[in-house]
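[1] build me a structure from this.
(one chain, ligands or ions: 1)
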Amino acid sequence: MQFICETCGKEVTPEEGTLSWVDEGNSLRDFKITHKSDQDHNCDPRYVGYIHLWIVTGVTGFTKFTELLADYWVKGYTLDDIKGLKSVLNQIGICIWEKCKK
Ligand SMILES: [Zn+2]
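    So this is what the prediction gives:
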């Protein structure tokens, strides 16, 4: 399983990558897996949230991420990027599954 950086198109290892998103204006969007320096969100940095790829690809970190999403929803945030979220969840899920097989 390899992660591909959505910005530069090169391989990104769990150690150097992040899962990032935008939480501007009560809207959650722009979920992507990239190198940390390639997050490249088109908004004020204070609206960018991210989690290191090596953390979110562990079961504990993945659980934390789902808690974090639940915290957004209870505050009234709207998920405006279901496609992007599903895409990153799929990639992370495959990575976790492959780790569990070993
Ligand atoms: Zn990159």
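[2] list the buried ones in the top strand by length along the chain?
    In the chain, assigned by DSSP state E, the strand with the most residues is strand 27-35. Residues of strand 27-35 classed as buried by neighbour count (16 or more other CB atoms under 10 Å): 28, 29, 30, 31, 32, 33, 34, 35. C-betas here are computed from N, CA, C, even on glycine.
[3] the last one reaches residue 13, doesn't it?
    Going back to what we said before, that points to residue 35. No: Residue 35 is beyond contact range of residue 13, at 9.3 Å (criterion: CB atoms under 8 Å).
[4] what residues does the chain put near the ion?
    Within the chain, the positions lying close to the ion (CB under 5 Å from the ion) are 5, 7, 8, 35, 38.
[5] now, these that are in strands?
    The strands, defined by DSSP E, take in residue 35 from the residues of the chain next to the ion.
[6] how near is the closest residue to residue 75 other than its chain neighbours to residue 52?
    Spatial nearest neighbour of residue 75, chain neighbours left out: residue 26 (7.9 Å); criterion: CB to CB, 6 or more residues apart in numbering. For residue 26, the distance to residue 52 (CB to CB, to the nearest Å) stands at 25 Å.
[7] more neighbours: the two, which one.
    Neighbours were counted for residue 26 and for residue 52 using other CB atoms under 10 Å; residue 52 has more, 15 against 11.
[8] pull up the gap between that one and the ion, please.
    Using CB to the ion, to the nearest Å, one gets 15 Å for the distance from residue 52 to the ion.
[9] going forward, count from 458.
    All right, first residue 458 from here; so that's residue 509.
[10] that residue reaches residue 475, doesn't it?
    Yes: the pair residue 509 and residue 475 qualifies as a contact (CB under 8 Å) at a distance of 5.7 Å.
[11] who touches both of those two?
    Taking CB atoms under 8 Å, 6 or more residues apart in numbering as the contact rule, residue 509 and residue 475 both touch residue 493.
[12] what sits up against the helix or strand residue 546 falls within?
    Here residue 546 sits within helix 539-558, counting by DSSP states H and E. Contacts to helix 539-558, defined as CB under 8 Å, 6+ apart, come from residues 458, 460, 471, 476, 478, 485-490, 513-516, 519, 536.
[13] many thanks, have a good one.
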